[in-house]
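have a look; sequence and predicted model below, questions after that.
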Amino acid sequence: MKHTLRGRLTRFLLASALVSGLTALLLTNAALYDTFYNYKEAVQLESARDFSEYTSRIYQINGGWTGKTQAMLLAYPGTDQFGFRIYDTQDYMVLNSQLLPDRVSFHQSMMRRMGRNAIFFQKRFYDGTEILEEIVVNGETIGTVELVYPSTFSVDTAELDFTSGVNRSLLMSLAIALGISGLLSAYLSKLLSRPIVNLTEVTKSIRSGQLNRRAEERQSVRELTELSGAVNDLAQTLSHQSEIRKRLTSDLAHELRTPLTIIQGQLDAILEGIFEATPDRLIVARSETERLIGLVERLREIADLEDDTVALTYEDIDLSAIVQDAVTLFEADAMTRGQTLTSDLSPVLPMVGDAHRLRQVLVNLLSNAVKYTPDGGRIRVETRTIGSTALLKIFNTGAGILPEDLPFLFDRFYRADVSRHRETGGSGIGLTIVKLIVDAHKGSIDVKSDAQTGTTFTVTLPLQPPL
């Protein structure tokens, strides 16, 4: 049987509180009895000194160890707590007073009760003790008094009630602390488990296809807020990818349908005798077939780049020279449309990269720039070095790209031109290949577009390939 997070948290917090409370209780109890032991020991030593002084005075008053002296010593208040023996200077026992059996039994009974009431009770408290004090008269030692206690310390009813009351208070405090800890544990476990349960429900909904579900991001715990945000980002990404897949299916069908329809129309007309199978008719069919082959090849290229199955051929290259060759390639097209194509290139921009792939990037970007720049517009290409990176910029004037289209510009088959006219829209694959090639070089590509000024593609590439 699997336990819920809330139950586990509650039990864990309660167990922690119980262990902490018991530890504090035992340590407090041990400290209490240790302090009490030291206190009673000090009291016993003080009593021994007092009894020794009393014995000295009685000895002086009665002029020696007389019968009256012994009677007055036996009448000393407090002798019901201890027995005593008095020795002279020759170690001869002058007087031996023992506690009555009922008093010994009383003290032992009190100690047993104290032990039962104590959470922490040391065995040393049960051991009897003997205290020796010298009897001094006028600066001269005349004997020794030995006090004999039935236990380490004698306990009276008031002291027993005090220690028992402390223990009861400690136990009550522990019970109250456990109760409060239980309530706090239940609240905290609910506070932590509720958003997790909500996240679980959201992820299950996302898994079932409800990609519009979102988790509440404003949580009381920072980590849960970050987790909720990550789940929402994942849902947003999945929703976007779902839309891309739908659009990909539609666009791919469109890209395949046009050439196939042309080929089928030409073949049907030839088979039905409407047209003769002239070279011109066959050339049309062949050109459309080549278009299909080119589309399939570009799709395969995207798949290879995404799967990292195409290895880049790194070599020492001059990026400015490659850019200049590409600019020369499009000068005639730009001139035909009255466009101004200029460049501002570093004389030499040495770096390590795949010359063929980088030329492919430039051809795609310049082809789009010429295609989307209106007649009489301007196109400008720049290269320069910034630190350990090479910077390539391609700017063109025109209507620009809508802000809502910018995030999806590098998605396959995506075209901001909803008319899908081939002369302006293309197949929607070129920029996808550009992005994959730049990523393969561990670089980055950025697009900024404004309806008034135009569009700028910025490619940043490391001068040396990453290890």
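Sure, I can see it. The structure displayed is predicted, hence computed values, not measured ones.

pLDDT-wise, which helix or strand of the chain ranks last?
helix 422-425 (a mean of 46; mean pLDDT, DSSP states H and E).

would you tell me what the next helix or strand after that helix is?
On the C-terminal side of helix 422-425, the nearest following helix or strand under DSSP states H and E is helix 430-440.

just to be sure, G273 is in a helix?
No - counting by DSSP: H, G, I helix; E, B strand; the rest coil, G273 is not part of a helix but coil.

tell me which element the residue nearest the centre of the chain is part of?
Closest to where the C-alpha atoms of the chain average out (Cα atoms, centre = their mean) is E223, at 6.2 Å. For E223, the host element (DSSP H and E) is helix 222-271.

do the same with V352
Assigned by DSSP H and E, V352 falls in strand 350-353.

isn't A215 right up against I196?
No - at 10.2 Å, A215 does not count as touching I196 under the criterion of Cβ atoms under 8 Å. Where you see a C-beta, it was placed from the backbone N, CA and C, and this is true even at glycine.

the stretch 351-467 of the chain: strands as residue ranges?
Secondary structure of the stretch 351-467 of the chain (DSSP state E, counting those that start in this stretch): strands at 378-386, 389-396, 444-450, 454-462.

distance check, E146 against I86.
8 Å (Cβ to Cβ, to the nearest Å).

quick one: which of those two has more around it?
Neighbours were counted for E146 and for I86 using other Cβ atoms under 10 Å; I86 has more, 24 against 17.

element containing the more buried one, please.
Assigned by DSSP H and E, I86 belongs to strand 83-88.

repeat that for L27.
helix 5-62.

whatever helix or strand comes next after that helix: which residues count as buried?
Per DSSP H and E, the first helix or strand lying C-terminal to helix 5-62 is helix 67-74. Buried residues in helix 67-74, counting neighbours by 16 or more other Cβ atoms under 10 Å, are found at 69-70, 72-73.

also stretch 320-332?
Residues 320, 322-324, 326-327, 330 are the ones in stretch 320-332 that count as buried (16+ other Cβ under 10 Å).

picking up where we left off before, now render the strands of the stretch 351-467 of the chain as CSV, adding distance to L9.
Listed next are the strands of the stretch 351-467 of the chain as CSV, based on distance: least, Cβ to Cβ, whole Å:
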stretch, distance to L9
strand 378-386, 52
strand 389-396, 49
strand 444-450, 44
strand 454-462, 48
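
how close does the residue of the chain most remote from its centre sit to V137?
Distance from the C-alpha centroid of the chain peaks at G63, with 87.2 Å (Cα atoms, centre = their mean). The gap separating G63 from V137 is 11 Å, by Cβ to Cβ.

same check on A177?
Distance, A177 to V137, using Cβ to Cβ: 59 Å.

D50 too?
For D50, the distance to V137 - Cβ to Cβ - is 16 Å.

before we move on, what about S97?
Counting by Cβ to Cβ - S97 and V137 are separated by 20 Å.

and those two? Which one has more around it.
S97 (16 against 13).

pop out the phi and psi values for the residue farthest from the centre of the chain.
Torsion angles at G63 (phi, psi; degrees, to the nearest 10) stand at phi 70, psi 30.

the helix or strand harbouring L188 to helix 5-62, inter-axis angle?
In the assignment (DSSP H and E), L188 maps to helix 157-207. Note on geometry: by axes from the mean of the first three to the mean of the last three Cα atoms, to 10 degrees, helix 157-207 and helix 5-62 are set 170 degrees apart in direction.

helices or strands next to helix 157-207 in the packing?
Contacts defined by 3 or more Cβ pairs under 8 Å, 6 or more residues apart in numbering; DSSP states H and E place helix 157-207 against helix 5-62, helix 101-117, helix 222-271.

mean pLDDT lowest where, among those helices?
Out of those, helix 101-117 stands lowest, with a mean of 53 (criterion: mean pLDDT).

chain center to the next helix or strand after that helix, what's the gap?
Per DSSP H and E, helix 101-117 leads on to strand 129-137 as the next helix or strand towards the C-terminus. Distance, stretch centre to chain centre, for strand 129-137: 69 Å (Cα atoms, centre = their mean, to the nearest Å).

widest-spaced pair of the buried residues of helix 67-74?
Using Cβ to Cβ, the buried residues of helix 67-74 span at most 7.4 Å, a distance reached by Q70 and M72.

which residue ranges make up each domain of this structure?
5-178, 222-306, 315-462 (automatic domain parsing).

any idea which of the ones you listed is most buried?
domain 315-462 (a mean of 17; mean count of other Cβ atoms under 10 Å).

now for E201, how many residues are close by?
12.

tell me how far it lies from S208.
Using Cβ to Cβ, E201 is found at 11 Å from S208.

what's the answer for E243, then?
Applying Cβ to Cβ, the value for E243 to S208 is 18 Å.

now do L365
41 Å.

and for S343, nearest residue in space, chain neighbours not counted?
Of all residues not flanking S343 in the chain, V381 sits nearest, at 4.4 Å (Cβ to Cβ, 6 or more residues apart in numbering).

what sits against the one you found?
Contact analysis of V381 by Cβ atoms under 8 Å, 6 or more residues apart in numbering lists 323, 327, 341-345, 366, 392-395.

for these, which one is nearest G265?
L366 (34.3 Å).

on that earlier part again, next one: the residue nearest to the centre of the chain from A15, what distance?
Taking Cβ to Cβ, one finds E223 at 23 Å from A15.

try V327
74 Å.
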